[in-house]
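>>> okay, here's the prediction I keep looking at, along with the sequence it came from:
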Amino acid sequence: MKLPTFLILTLLSVSVYAQEPAAMKLGSKAPEIEAIDNLGTAYSLSQALENGPVVVVFYRGEWCPYCNKHMSQLQDALERIAEMGASVVAIAPELPKYIDQTIKKSKASFSIISDTSHVIMDAWNVSFRLDDKTFKRYQGFGINLERASGNDDRILPVPATYIIKPDGTISAVHFDVNYKERMPVVDIIKALSELK
């Protein structure tokens, strides 16, 4: 039976995002990150690793208070992280103007990358499509994901933190679908100290 064109288009528009997020394994090679950061600077994970370990953080957006709190904690620990020879990069699925809001709220001074097309998030296997019920609930709270990302795909990352050794392999992982849970800064410092 041949489906009408309008029905095919409707089905395509509501198709479920196929990727299932999952944590990458310890010891595996971290995917490359190449993008322009919030300062307009070309960021390359492989180049950053030439200077030491990198803490890679995925967060949901400036509208998420748990994200802003974690970003503030990372900023507060940034000097200690730098003393250990490491750097931080964060990735979010929102437009640069909303990343600017994250910076205002958290005072973050490390590189933050806008990944509205979720190319980086997909490569790191953290992205998922927010279900309709939760999307509507968020709308009720005044959270407009489509405005924040500039598209209507409703893709968010599982909040995740990866510590990458200079050889490009993953030495520590925090991956939790519970968006309230983040890798404590004390655990990040401990993981970095174990690389010495």
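Received it, and whenever you're ready, just let me know what you need.

>>> K165: what's it in contact with?
If a contact means Cβ atoms under 8 Å, 6 or more residues apart in numbering, then K165 has 49, 53, 171, 195 as its contacts. To be clear about C-beta, it is placed using only N, CA and C from the backbone, and glycine gets the same treatment.

>>> cool, and P21?
With Cβ under 8 Å, 6+ apart as the criterion, the residues that contact P21 are 125-128, 157-158, 175, 177.

>>> how close does R129 sit to Y162?
If you measure R129 against Y162 using Cβ to Cβ, to the nearest Å, the figure is 22 Å.

>>> equivalent analysis for M183, please.
Per Cβ to Cβ, M183 is found 9 Å from Y162.

>>> same deal with I170?
Distance from I170 to Y162, by Cβ to Cβ: 5 Å.

>>> highest neighbour count among the contacts of K165?
In terms of neighbours by other Cβ atoms under 10 Å, those top out with P53 at 22 neighbours.

>>> I'd guessed that one sits against V89; true?
No: applying Cβ atoms under 8 Å, one finds P53 not in contact with V89, separated by 11.4 Å.

>>> secondary structure element for the residue nearest to P184 when sequence neighbours are not counted?
Nearest-residue entry for P184: Q73, 7.9 Å, with adjacent residues in sequence omitted and distances by Cβ to Cβ, 6 or more residues apart in numbering. Of the helices and strands defined by DSSP states H and E, Q73 is found in helix 65-76.
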